[in-house]
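Trainee: Sharing a model that was predicted from the sequence below.
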Amino acid sequence: QVQLVESGGGLVQSGGSLRLSCVVSGRTASGFPMAWFRQAPGLEREFVAAISSIGITTYYADSVKGRFTISRENAENTVYLQMSSLKPEDTGVYYCAAATTGWGSIRLKSEYDYWGQGTQVTVSS
């Protein structure tokens, strides 16, 4: 069993920055790929960024490329999402996810078998 706990969300003005953290427990985080998704009110949960198990390869949604950076510190069982130049359209609940059985289509929710409870990010204009 894997538990994921996100933190770091909050209210920020447009153009500001936030860093989200996801602490993994139950298994060593270095064993599997991780990702961040987000969900705005009334919309589907969407892919934001993903990182391979040892952090060499990263992937981003086009909407956040160049503004967000995903990273991981396996010694601390933690995955981060550094968000800069935030826009009001970045508002939503951000979820950390783990793909403990491997990776296929990294942008699909179905690839991930463990999820955190989410942390709210609100960007004001």
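Mentor: Cool, the structure landed.
Trainee: In this structure, mark out all the strands, start to finish.
Mentor: With DSSP state E, the ranges of strands along the chain come out as 3-7, 10-13, 18-25, 34-39, 46-51, 58-60, 68-73, 78-83, 92-98, 114-115, 119-124.
Trainee: For the residue nearest the centre of the chain, give the beta-bridge partners.
Mentor: Note on the chain: the residue nearest the mean C-alpha position is Trp36, at 2.1 Å, using C-alpha atoms, centre = their mean. On the basis of DSSP bridges, Trp36 takes part in beta bridges with Ala49, Cys96.
Trainee: which residues touch it?
Mentor: When contacts are counted by C-beta atoms under 8 Å, 6 or more residues apart in numbering, Trp36 touches Leu20, Cys22, Val48, Ala49, Ala50, Ile70, Val79, Leu81, Tyr94, Tyr95, Cys96, Ala97. For the C-beta atoms, the positions are set from N, CA and C on the backbone; glycine is no exception.
Trainee: Of all the strands of the chain, which one comes closest to Arg107?
Mentor: With C-beta to C-beta, the closest approach to Arg107 among the strands of the chain belongs to strand 46-51: 4.1 Å.
Trainee: Can you check what angle separates that closest one from strand 68-73?
Mentor: For strand 46-51 against strand 68-73, the angle between stretch directions is 40 degrees (axes from the mean of the first three to the mean of the last three C-alpha atoms, to 10 degrees).
Trainee: Other residues contacting strand 46-51?
Mentor: The contact list for strand 46-51 (C-beta under 8 Å, 6+ apart) reads 33-39, 57-61, 64, 68-72, 79, 81, 94, 106-109.
Trainee: could you check the distance from the most far-flung residue of the chain relative to its centre over to Arg19?
Mentor: Of all residues in the chain, Ser125 sits farthest from the chain's C-alpha centroid, using C-alpha atoms, centre = their mean; the distance is 22.7 Å. Between Ser125 and Arg19 the computed distance is 21 Å (C-beta to C-beta, to the nearest Å).
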